[in-house]
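Engineer: starting from these lines, generate the structure:
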Amino acid sequence: SIAHGRDVVSVGGVAVRPGDAIVGDQDGVVVVPAKVADKVYSIAHGREEIEEIIKEELIKNPGPPGIYYPFMSGKIQVDSPLGKLLATKGITPENSN
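Structural biologist: Next up is the predicted model:
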């Protein structure tokens, strides 16, 4: 059936409400509730920027990418390899977490 206006629909067993963001890439699709969409976008965008910095660094200085990924589990530490790399770009953990 077609949803009109304020209807909640179920897609694959997941409730989708008006205003929710549907985000997808090669890894899958998620529904982001409207009330947290801006925050989720901000975090995701910041992570994409960090990924680009890491890719550039690995092209210049090949090595194991794993040294830069402690940030996946939480806050970036200033003294970590990633914290030091970001500092060379003028980015601090405070403005990247």
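
Engineer: need the helices for this structure, in chain order.
Structural biologist: With DSSP state H as the criterion, the chain has helices at 37-60, 81-87.

Engineer: need the ones you listed in CSV (columns: mean neighbour count).
Structural biologist: To be clear about C-beta, it is placed using only N, CA and C from the backbone, and glycine gets the same treatment. Shown next, in CSV, are the helices of the chain (neighbours: other Cβ atoms under 10 Å):
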stretch, mean neighbour count
helix 37-60, 13
helix 81-87, 18
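
Engineer: between those helices, which gets nearest to I22?
Structural biologist: I22 sits nearest to helix 37-60 of all those, at 10.2 Å, using Cβ to Cβ.

Engineer: and that closest one, C-alpha only, in PDB?
Structural biologist: Below are the C-alpha coordinates for helix 37-60, written out as PDB (Å, rounded to 0.1, in the frame of the first residue of the first chain):
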ATOM      1  CA  ALA A  37      19.200  12.600  12.300                       C
ATOM      2  CA  ASP A  38      21.200  15.800  12.500                       C
ATOM      3  CA  LYS A  39      23.500  14.400  15.200                       C
ATOM      4  CA  VAL A  40      23.900  11.100  13.300                       C
ATOM      5  CA  TYR A  41      24.700  13.000  10.100                       C
ATOM      6  CA  SER A  42      27.300  15.200  12.000                       C
ATOM      7  CA  ILE A  43      29.000  12.100  13.400                       C
ATOM      8  CA  ALA A  44      29.000  10.200  10.100                       C
ATOM      9  CA  HIS A  45      30.300  13.200   8.200                       C
ATOM     10  CA  GLY A  46      33.100  13.600  10.600                       C
ATOM     11  CA  ARG A  47      34.000  10.000  10.300                       C
ATOM     12  CA  GLU A  48      34.000  10.300   6.500                       C
ATOM     13  CA  GLU A  49      36.500  13.200   6.700                       C
ATOM     14  CA  ILE A  50      38.700  11.200   9.100                       C
ATOM     15  CA  GLU A  51      38.600   8.200   6.700                       C
ATOM     16  CA  GLU A  52      39.800  10.400   3.800                       C
ATOM     17  CA  ILE A  53      42.700  11.700   6.000                       C
ATOM     18  CA  ILE A  54      43.600   8.100   6.800                       C
ATOM     19  CA  LYS A  55      43.500   7.000   3.200                       C
ATOM     20  CA  GLU A  56      45.700   9.900   2.100                       C
ATOM     21  CA  GLU A  57      48.200   9.000   4.800                       C
ATOM     22  CA  LEU A  58      48.300   5.300   3.900                       C
ATOM     23  CA  ILE A  59      48.900   6.200   0.200                       C
ATOM     24  CA  LYS A  60      51.900   8.400   1.300                       C
END
